[in-house]
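[1] how would this look folded up:
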Amino acid sequence: MSKLNNSLMLGAMASVLMLASCGTAEAPATDNANVDSAATAAFTLTVDPAVSAVNWSGSMIGVKTHTGKLNFTKGELALGGNQVTGGSFTVDMRSYLLTDTNYAADGSPQGTREKLMGHLMSPDFFAVDSFPTAEFVITKVEGNTATGNLTVRGRTHEEKVTNIVVTQEGSNVSAIGDLTFNRQKYGVSWKAPMKDLILSDDIVLKVELKGTKA
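    The predicted model follows:
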């Protein structure tokens, strides 16, 4: 009788251990699947021009640097989780806001904020009356770098947006990256050659695209 009781007890303990073992093996597989799905889920970001901007900087070599901001007219990004996979955006070239303080006092014969803004919008530089927008269309993405076609002053060349970082907070999404281009390729050059020489050819942009998931 004692041997029978011992056998029943051992059998019951073995069954409990088997059930517990099976239960702990299945749970992580389900959790991992949910995490992987959330990390790679594809969606579209519709850019909100009210909270998005292109911050730019340009330098007079050895003299000073000017900075400013431009707004978007529209934009859309395709993403898989936190990875940009495609998209395009359009910039309003007439929306200049100068953000540095390297200017002469208002009313001075030259070097004022107003005169620089007028010069940048003139045919000497971005000719915004003839070319009111600029555009970037993504053609390829590798890691955190997006290659695409940049169009400025009606001229199109391949450029790269690097160091892209995507963040998500609920339905709000932000994608930020860096783009530097040579202005001479796009005909952005001063008609006075000696003066143009003191300007850096590189225009440095920080692209900040923000909006909500579509």
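[2] which residue is the nearest non-sequential neighbour of residue 51?
    The shortest distance from residue 51 to any non-neighbouring residue, by CB to CB, 6 or more residues apart in numbering, is to residue 210 (4.7 Å). (C-beta placed from N, C-alpha, C; glycine too.)
[3] helix or strand: which one has the residue nearest in space to the middle of the chain?
    By CA atoms, centre = their mean, the chain has its centre lying nearest to residue 176, at 3.0 Å. Secondary structure assignment for residue 176, by DSSP states H and E: strand 172-182.
[4] which helices and strands sit right next to that strand?
    Judged by 3 or more CB pairs under 8 Å, 6 or more residues apart in numbering; DSSP states H and E, strand 172-182 is in contact with strand 64-80, strand 145-152, strand 155-169, strand 202-213.
[5] and with 6 Å instead?
    Applying 3 or more CB pairs under 6 Å, 6 or more residues apart in numbering; DSSP states H and E, one finds that strand 172-182 makes contact with strand 155-169, strand 202-213.
[6] so that strand versus strand 64-80, what angle?
    130 degrees (axes from the mean of the first three to the mean of the last three CA atoms, to 10 degrees).
[7] which residues sit against strand 172-182?
    Residues from elsewhere that reach strand 172-182, judged by CB atoms under 6 Å, 6 or more residues apart in numbering: 45, 77, 159, 161-167, 201-205, 207-210, 212.
[8] angle of that strand against strand 155-169?
    Going by the same axes, to 10 degrees, strand 172-182 makes 150 degrees with strand 155-169.
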